[in-house]
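Colleague: Sequence first, predicted coordinates after that:
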Amino acid sequence: MRTSGADGQEQRGFALNQIVAAMLPGPSPLAIDNSAVRCRTLKTSIGCTGVGLHSGAKVTMVLHPAEAGTGIRFRRVDISGGGAIVPAHWSAVHDTRMNSCLRNDDGVVVGTVEHLMAALAGMQIDNCLIEINGPEVPVMDGSAAPFLFLIECAGVVEQATPRQAIKVLKRVTVQDGDRIASLTPSSGFSVRFEIDFASSAISRQEFFVNLSRGTFKSEISRARTFGFEQDVAALRAHGLARGGSLDNAVVIDSTGTRVLNDDGLRYGDEFVRHKVLDAVGDLYLAGAPLIGHFHGVRSGHALNNQLLRALFADQTAWTLTTVQPGSAAAPFTAAPLRMVANG
């Protein structure tokens, strides 16, 4: 979502409610709807320490509750001043080589955000401040499961502000050769992904999941990032994968026929499930949950971001809607949540 100031410069990191007020005609959508589903944030702060997948540097990260309407934001605690805030937003994505890397207008970056964003999407967290003391989110085990565990340990609370979702109204497609990504209208949020590798350890895989049914944790969250043994040296020469190991990635041997990890695969089709995980995280950079169907064919971070840019470039392709109880974008957790009036 995007709005422009008088100087024509793209403004980044707007809270969702500000964007709604600026872009939609008619009565203000900020009026409280007492029947609507509420936004969610963490109940308490929680943190972790790990290494960056690409930098190899040790990093500490703390997830904090955040006020309603502020969205998902990163704060680089190793940098002083207002430039330390980096919005988790599609317009802030500037590097998509092997990850989704955010950069604010001051040039401050936070990389490899996709697995954490996927966990926040899976737990339907709307507002969160993430403090981090380096330029990259820790990779942990290469999946979203550790971040999901952190959020579950911290707990989740509802806020006073109604939850907004972005509803896809018509098909939007981007393509780069044989790589395709599309969004089409749907009653919920679902993902279909297709991959095809020459490696016999992967080959062709396809997976579909309806993420409005609460399946993220069981079907997607534990799928790890993956790579090929013969590519490691070249990636590290380009400043990538310096923190990668068998502890945080599935690695296929140089023949392309065997997984080197002693524990094998977590799912028989873990490779395509991880691509679904990446897509969920990349798409949550929309600034709100999507109501639509995503279909990716050999898509990656670059094409996923291009798809969001194409969606929001067409004002007739989407609309904002208030989430109602029982709808596809309503939280699926069975546990009762404590209401907090901080929005």
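Modeller: Done, it's in. Numbering: from 1, shown residues only.

Colleague: neighbours of Pro255, just the number please.
Modeller: Just to correct that, residue 255 is Thr rather than Pro. 11 (other CB atoms under 10 Å). C-beta here means a position set from N, CA and C on the backbone, and glycine is covered the same way.

Colleague: I'd like to know how far it sits from Lys58.
Modeller: Going from Thr255 to Lys58 by CB to CB, to the nearest Å gives 33 Å.

Colleague: just for the protein, where's the confidence low?
Modeller: Counting by pLDDT under 70, the chain contains low-confidence ranges at 1-34, 213, 233, 238, 241, 328, 330-343.

Colleague: one more time with 90
Modeller: 1-36, 52-57, 80-82, 98, 212-214, 229-247, 324-343 (pLDDT under 90).

Colleague: surely Gly134 meets Ile79?
Modeller: No: between Gly134 and Ile79 there is no contact under CB atoms under 8 Å: 10.0 Å.

Colleague: Tell me which of those two has more neighbours.
Modeller: Gly134 (20 against 15).

Colleague: The closest residue to that one other than its chain neighbours: how many residues sit nearby?
Modeller: Excluding its sequence neighbours, the residue lying closest to Gly134 (CB to CB, 6 or more residues apart in numbering) is Val59, at 4.0 Å. Neighbour count for Val59, taken as other CB under 10 Å: 20.

Colleague: Run a quick check on Val59 versus Val137, I expect a contact.
Modeller: Yes: between Val59 and Val137 there is a contact under CB under 8 Å: 7.5 Å.

Colleague: In three-state terms, how would Pro146 be classified?
Modeller: The three-state label given to Pro146 by DSSP: H, G, I helix; E, B strand; the rest coil is helix.

Colleague: Quick check: it touching Met140?
Modeller: Yes: with contact defined as CB under 8 Å, Pro146 counts as touching Met140 (3.9 Å).

Colleague: which residues are common contacts for Val59 and Val137?
Modeller: Here Val59 and Val137 have Gly52 as joint contacts, going by CB atoms under 8 Å, 6 or more residues apart in numbering.

Colleague: So which bits of stretch 45-59 are buried?
Modeller: Ile46, Cys48, Gly50, Val51, Gly52, Leu53, His54, Ser55, Gly56, Val59 (16 or more other CB atoms under 10 Å).

Colleague: next one: stretch 305-317
Modeller: Buried, per 16+ other CB under 10 Å, within stretch 305-317: Asn305, Gln306, Leu307, Leu308, Ala310, Leu311, Phe312, Ala317.

Colleague: do the same with stretch 78-85
Modeller: Quick answer for stretch 78-85 (16+ other CB under 10 Å): Ala84, Ile85.

Colleague: And the contacts of that stretch?
Modeller: With contact meaning CB under 8 Å, 6+ apart, stretch 78-85 is reached by 13, 73-77, 104-108, 133-134.

Colleague: Identify the residue spatially nearest to Met98, adjacent ones excluded.
Modeller: Met98 sits nearest to Leu240 (CB to CB, 6+ apart), 5.3 Å away.

Colleague: list the contacts for the one you found?
Modeller: Leu240 touches His54, Arg97, Met98, counting by CB under 8 Å, 6+ apart.

Colleague: tell me the contacts of the residue nearest to Arg258 when sequence neighbours are not counted?
Modeller: Spatial nearest neighbour of Arg258, chain neighbours left out: Ala201 (6.2 Å); criterion: CB to CB, 6+ apart. Listed by CB under 8 Å, 6+ apart, the contact set of Ala201 reads Ile252, Asp253, Gly256, Thr257, Arg258, Val259.

Colleague: any idea how far Ile166 is from the fifth one?
Modeller: The one in question is Arg258. With CB to CB as the criterion, Arg258 and Ile166 are 42 Å apart.

Colleague: of these two, who's got more company?
Modeller: Neighbour totals were compared for Arg258 and Ile166, and Ile166 leads with 26 against 14 (other CB under 10 Å).

Colleague: Please give me every residue in contact with that one.
Modeller: Applying CB under 8 Å, 6+ apart, the residues near Ile166 are Met1, Ala286, Gly287, Ala288, Pro289, Leu290, Ile291, Gly292, Trp318, Thr319, Leu320.

Colleague: helix or strand for it, which one?
Modeller: strand 164-168 (DSSP states H and E).

Colleague: Am I right that Asn219 sits in a helix?
Modeller: Quick fix: residue 219 reads Glu, not Asn. Yes: counting by three-state DSSP, Glu219 is part of a helix.

Colleague: so Met61, which of the three states?
Modeller: Met61 - assigned by three-state DSSP - is strand.
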